[in-house]
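J.: Can you look at this prediction? I've put the sequence above it.
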Amino acid sequence: MAELECRWRRGGQKKGKTWQHRRVRQQEAWGGVFEPLVDAYLNYTYTATPGAVGAIAPEDNIAQNIQVPAEIPIVAIADETLAYTVDVYCLFSRKTDITITRLPNSLSPALDLMRYGYLAKTPSRPTVAISLKTLELLYRLRQRKASYSVEAFAKVLCDYYQIPYRRHLREVLGDTFELYLHIIRHVDKSVHTTLGWDGPDWRPKNACRACCYVLDDEPPLTFSRLYAMDGNNSLKRMAMTSDRTAADTRVLDDSTYFLPRQFVDQYAKENSATPVQTTDGLGATDGAHKLKSDLRKKLLNQCVDNWKSAAKEESKRMWSIFDESGISASACRHGLVLWLMDMVKSGELAKYPLATVAKVLESIGQDTLGGYDIGCAFLSTVQRSSLGPAFQEKNGHFCVCAFHGYSHCHTCQMQFHPNNLAGAGLEDLETMERIFSASNQLASVTRYASPYRRRLFIEAYFRQWDEDKSLNTGTFILSNYRQALEIVEHDAEVLREAMESLGITEANMDEWEREEMGFFARLGDEDNYDVHAVAYVELLQELRDLESKRAQVNARFLQYMPSAASSGSATYRKELASTRRLETERRHTMEQYERVSHDVCALEVEMGLTVRWTPYTEQYNATLKYIKDRKYHRALNKLQKLVMQRLFELHKLNVAQTGEYQFFSKSLQTRCKTIQRAVKAYNAAAAMLDPPRPALDWSNVAGFNFLEQFTLLQDTHNDIRAKEWSKPAIREAMKLRHRVARAHEEITRLNLEVRRLHTAIRDETQLFDQALRRLDISKDPIFGATAEFVAWHKKVNSHLLWRIDQVYGLKGFTGVKGPGT
């Protein structure tokens, strides 16, 4: 025994070999024994072989309440001369070593260790092993606390053993934990294959039963499926330095979550010359929707400029120090993840959401609504790409997410905000913000991981996330249904009373919405004459200033009389420099005057003027007023941009989630000197208008609707305060009307989702029973794992059925009770 142990411990890394060679050899060694290792894991975990030293007792079996096949193969008694001792760590038994009896026909010592419930980091020469129970505990801890590191667990293990921390134990735990994750993944895939859940894109097509389990007799929805997508740069990974070689060159390419880089990169240069002509409500070009088309053209530059100005600094620089700079992800409205992509040495490039759209069109199909922070501008990107025809054919739509949408201009919100979008219901589509808020915990354990382990850890995290969200689906439906019923019951009555007190009707509000849309479609437009007149008056003002300056410069030049000092004296040199300075100033002034005079003459020819305008000319004064209006607009736009940036900063500190609008006002007013100066500039420009606009007081514009009020201030040609749709009471009534309409749409969608979920649970129960009977008859080794999977899912389904029953019992439930077909 000692000789065998010594032979395994002897010999280290050969000269000239690198860690990369060592990793490759280790991976090749596992390749031949991994399948038998999984079988040994299934045998140990779900059958509890009697008499094996270190084997778990039947009462400790993970699937203790699950019936297993009666015919269990009896393990042959090993030859005692082949016994050997391995150092072990077990948090539960605190054993320090274990004597393993190796079977004569054993393929690997790792298989012998697995029979006793231990997992080694290498298949051929194990010197230390970790118990499966300890690894399972680490797995459960990591699933619930993603930031919990292997190093921290290694230190806990050392504390239990009452030994100083051993660095090599962290490496052993890391390698064995990775192998344990591989085993778990392999078992899960086998279970899913047994149940028939292994087709192409099966998970995004079927995982969310409330979204995907469409019934035969369902009424059509405006949007068949709602999803959200976004990028996040927390899960970065440091790039290798130029003088180092990566030891782990493996690639996790069999994940059902991650899209291959090659697939994503094919959309890197998508930008056709002209966008696809659309006929839907968000990008129409026909006469019936001309106003919406005009609005959409106007809003794009405003939104894109605002979002560029508020971009985070880490998205602008230093990406070269990272290989993967984050992830781009998508999820359904219930929070189950659809697809993940690595953002490689870049920020949120268009290729990532385009790849998501490609998968949505391929796997999900018709009438989808995608929520994206810049969904307004991204719609044009999709239409210009090769996906444009399919996107139009399948009637795809985009909107901005609710919270981010409030930072878009009012023109954008009128068309792309979920509150104003018929068919969106009460969904805010801020799903990705909630997902990233939780997944940011992974950053500390993935920053320096290998690409392979990084993906492995991310996938494991989101598998647990999806399980939790699947369990939460019933609560989601119940909570949303209660919210929608409360809005219908309370806000609908408030809306009715408001309409009666204001003396308005539904037809009035329809007409005002069209009028408002037309107003904003024309807001800020300038004809060519206005542009030329502004330039002409500005040049006349500059020419008048230059005339005065020219006279002053000529007078100084002519009046200057140098003394008769000798050429070599200091006085002469000083006077010579003064003369040259005056000559240069005179020459520059004359050149400026001639240039501006030439520009004035050119514009007069362009505008067809025969008499030069003066401050006493009517056109001159009208244009001067127009220039003041433009100055007002610029001051207003600058103030709007600064306030929006400040709100982003407050949102990063989670202040935006408090709902304290007065806190917003106070912070904007007292904590940002730049905004204070912008407010003063705005108020000065507003005072110069005729009639003057009132000074801006932040206490009156706090909250999310401030951008809308900014936009309402932009029309200086007409006093829009006289328009019915601009009156505060009527605007509130119009918003309330949208809110009630969205609540009714939400109820319609929830009626379908709760029935889909109920039907899926019923059909799953039948599928589970049939699969278990089939496996029991065939004595398949995967029976135990499948039975455990089924037992857990039945408990989840039981919880969901309880929630479904609560939904059916709601006062005001209008759907069909019971499963469908």
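T.: Thanks, I have the structure now. Numbers count the residues shown, from 1 in each chain.
J.: you'd agree Tyr448 is up against Lys236?
T.: No: using C-beta atoms under 8 Å as the test, Tyr448 is too far from Lys236 to be in contact (10.1 Å). To be clear about C-beta, it is placed using only N, CA and C from the backbone, and glycine gets the same treatment.
J.: Neighbour count: the two, which is higher?
T.: Lys236 (21 against 10; other C-beta atoms under 10 Å).
J.: Setting the sequence-adjacent residues aside, check what's closest to the more buried one.
T.: Phe322 (4.6 Å; C-beta to C-beta, 6 or more residues apart in numbering).
J.: Tell me the bridge partners for that neighbour.
T.: Phe322 forms beta bridges with Met238, as assigned by DSSP bridges.
J.: distance of Leu111 from Ile100?
T.: Here Leu111 is placed at a distance of 10 Å from Ile100 (C-beta to C-beta, to the nearest Å).
J.: which residues do these two both contact?
T.: Residues touching both Leu111 and Ile100 (C-beta atoms under 8 Å, 6 or more residues apart in numbering): there are none.
J.: Show me which of these two is the more surrounded one.
T.: Taking other C-beta under 10 Å, Leu111 and Ile100 do not tie; Ile100 has more neighbours (24 against 19).
J.: quick one: contacts for the more buried one?
T.: 53, 83-86, 109, 112-113, 116.
J.: cool, Glu427 as well?
T.: If you count contacts by C-beta under 8 Å, 6+ apart, Glu427 has them with 226, 333, 371, 418, 746.
J.: Counting by contacts, list what the one helix or strand Gln770 maps to packs against.
T.: Element membership for Gln770, per DSSP states H and E: helix 728-778. Identification of packing neighbours for helix 728-778 by 3 or more C-beta pairs under 8 Å, 6 or more residues apart in numbering; DSSP states H and E yields helix 167-195, helix 209-212, helix 473-486, helix 492-502, helix 506-522, helix 783-808.
J.: for the next helix or strand after the longest one, which positions count as buried?
T.: Secondary structure here is assigned by DSSP H and E; on that basis, the next helix or strand after helix 167-195 toward the C-terminus is helix 202-206. Buried residues in helix 202-206, defined by neighbour count with 16 or more other C-beta atoms under 10 Å: 203-204.
J.: How far does helix 202-206 sit from its chain's centre?
T.: 20 Å (C-alpha atoms, centre = their mean, to the nearest Å).
J.: for stretch 84-102, same thing?
T.: Centre-to-centre, stretch 84-102 and its host chain are 46 Å apart (C-alpha atoms, centre = their mean).
J.: just the CA coordinates of that stretch, formatted as PDB?
T.: Extracted as PDB, the C-alpha positions of stretch 84-102 are listed here (Å, rounded to 0.1, in the frame of the first residue of the first chain):
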ATOM      1  CA  TYR A  84      -4.700   2.700  -0.400                       C
ATOM      2  CA  THR A  85      -5.200   5.800   1.700                       C
ATOM      3  CA  VAL A  86      -6.200   9.300   0.400                       C
ATOM      4  CA  ASP A  87      -6.400  12.500   2.400                       C
ATOM      5  CA  VAL A  88     -10.000  13.700   2.500                       C
ATOM      6  CA  TYR A  89     -12.000  16.700   3.700                       C
ATOM      7  CA  CYS A  90     -15.600  16.300   4.800                       C
ATOM      8  CA  LEU A  91     -17.400  19.100   6.700                       C
ATOM      9  CA  PHE A  92     -19.800  16.700   8.200                       C
ATOM     10  CA  SER A  93     -17.600  13.700   9.300                       C
ATOM     11  CA  ARG A  94     -14.300  15.700   9.700                       C
ATOM     12  CA  LYS A  95     -12.400  12.700   8.500                       C
ATOM     13  CA  THR A  96      -8.800  13.400   7.600                       C
ATOM     14  CA  ASP A  97      -8.100  10.300   5.400                       C
ATOM     15  CA  ILE A  98      -9.900   7.300   4.100                       C
ATOM     16  CA  THR A  99      -8.800   3.800   3.000                       C
ATOM     17  CA  ILE A 100     -10.100   2.900  -0.400                       C
ATOM     18  CA  THR A 101     -10.300  -0.700  -1.700                       C
ATOM     19  CA  ARG A 102      -9.800  -0.700  -5.400                       C
END
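J.: any weak-confidence spans in the stretch 301-450 of the chain?
T.: Within the stretch 301-450 of the chain, the ranges that satisfy pLDDT under 70 run 301-319.
J.: where do the helices sit along it?
T.: For the stretch 301-450 of the chain, the helices defined by DSSP state H, counting those that start in this stretch occupy 351-359, 375-384, 388-393, 402-405, 410-416, 431-439, 443-446.
J.: now the second one against helix 351-359, angle please.
T.: Note on geometry: by axes from the mean of the first three to the mean of the last three C-alpha atoms, to 10 degrees, helix 375-384 and helix 351-359 are set 70 degrees apart in direction.
J.: Against which helices or strands is helix 375-384 packed?
T.: Using 3+ C-beta pairs under 8 Å, 6+ apart: helix 375-384 touches helix 290-309, helix 351-359, helix 388-393, strand 397-400, helix 410-416.
J.: hmm, 6 Å instead?
T.: helix 290-309, strand 397-400, helix 410-416 (3 or more C-beta pairs under 6 Å, 6 or more residues apart in numbering; DSSP states H and E).
J.: returning to what we had before: identify whichever of the helices and strands packed on helix 728-778 lies nearest to Thr45.
T.: Closest to Thr45 of the helices and strands packed on helix 728-778 is helix 783-808 (C-beta to C-beta; 6.9 Å).
J.: picking up where we left off before, quick check: which of the helices and strands packed on helix 728-778 is buried the most?
T.: Most buried of the helices and strands packed on helix 728-778, by mean neighbour count (mean count of other C-beta atoms under 10 Å): helix 209-212, with a mean of 22.
J.: other SSEs contacting that one?
T.: When contacts are defined as 3+ C-beta pairs under 6 Å, 6+ apart, helix 209-212 packs onto helix 728-778.
J.: quick check: angle from the helix it packs on to helix 492-502?
T.: Going by the same axes, to 10 degrees, helix 728-778 makes 160 degrees with helix 492-502.
J.: Spatially nearest residue to Val187, not counting backbone neighbours?
T.: Ala785 (5.0 Å).
J.: Would you mind measuring from the residue nearest to Lys236 to Pro451?
T.: Distance of Phe322 to Pro451, computed by C-beta to C-beta: 12 Å.
J.: Same question for Thr765.
T.: 40 Å.
J.: Buried residues, stretch 219-231. List them.
T.: For stretch 219-231, by 16+ other C-beta under 10 Å, it's 221-231.
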